[in-house]
Each structure stands twice: as structure tokens, then as C-alpha cells.
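Student: Predicted model follows, preceded by the sequence.
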Amino acid sequence: MNHYSQIYLIDDFEMSNLFHKVLFNKLKIGDEINVFTNPEKALDDLRQKVVVCDRIFILLDLNMPEMSGFEFLDIMIKEQFSEQIDVVIATSSISEDDMKKAEQYPMFVKGFVTKPLKIDRLKSLLHPLQRVNDLE
């Protein structure tokens, strides 16, 4: 499984972040786990770390009051964030429109999952990323 220098858990529901942090700690795939309930603060932090970090993983909620996950991704594109960032969208939405819209961000979005996230599903999402990252 791939190893990331930074993992970002971005969800306005604190319990989701805590639950997901436990899953990531069990998998031991990151050096540092950053938890944010406010996506704007996550972006500010990410802007500082993206220059000095190798690979970054983001677990991103779509529906947040300050900014949607898609607005977050739009900013990443506008500010030309590194493609060394892998994003998996974790949402309670089962909307096909949301899934199709996520496909508009292929440079970042590597998966789309519904919450609550299970460790087996997380492993299956991260395993294909390992194969892609091994080729780089």
C-alpha cells in the first residue's frame, strides 16, 4: 500500500473525521494525519505543505457549510496544486450526478465512496493507487 507524507481528513462532521483517523492509523500509510472540519483552513494548511511534501492523500467530504468538496477541488485546480495529491471523496451522497461530477477532476480524484467508510473499502481504494504510484 502507498505511503503518504501527509493525510488530510476534511469533513464538517467531527465524528466522521475521528472515525476515519482511527482507520488511517490502523493502516499506517501516513506520516502525519491532519484533521479539519473547515475546508478553508485545510486549504490554508495544504498550501504550506504541498511544496515540501512528497505525496499527499485527502479524504474529502462533499457537503460542507463553508465550501463544498467540489469548490475545494476547483481551488486546487485554479491554484495549480501538485498532482502528487490523491483525493478520495467520502460522502453520504449517493447521487449519480455527484459521481459524474467527481470524474471532472481526474488529476486529483482517485475514488468516490459513501460513508461510513470501512477499512476494507479504504484498502481497495489505496491498493490501485500503489500500482500507479510505483510507475512514477
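Tutor: Received the coordinates, thanks. Model, not experiment: these values are computed from the prediction.

Student: Give the rounded mean pLDDT of stretch 96-114.
Tutor: Stretch 96-114 shows a mean pLDDT of 92.

Student: Relative to Pro106, how far out is the spatially closest residue to Tyr8 that is not a sequence neighbour?
Tutor: Closest residue in space to Tyr8, ignoring its immediate chain neighbours: Ile58 at 4.4 Å, by Cβ to Cβ, 6 or more residues apart in numbering. (Glycine included, C-beta is placed from N, CA and C.) Ile58 sits 15 Å away from Pro106, going by Cβ to Cβ, to the nearest Å.

Student: Can you pick out the residue with more neighbours from the two?
Tutor: Taking other Cβ atoms under 10 Å, Ile58 and Pro106 do not tie; Ile58 has more neighbours (28 against 9).

Student: Which stretches in this structure count as helices?
Tutor: Secondary structure of the chain by DSSP state H: the helices cover 14-27, 39-49, 69-78, 96-102, 119-134.

Student: Need the winner for burial among those.
Tutor: Highest mean neighbour count of the helices of the chain: helix 69-78, a mean of 18 (counted as mean count of other Cβ atoms under 10 Å).

Student: Many thanks, have a good one.
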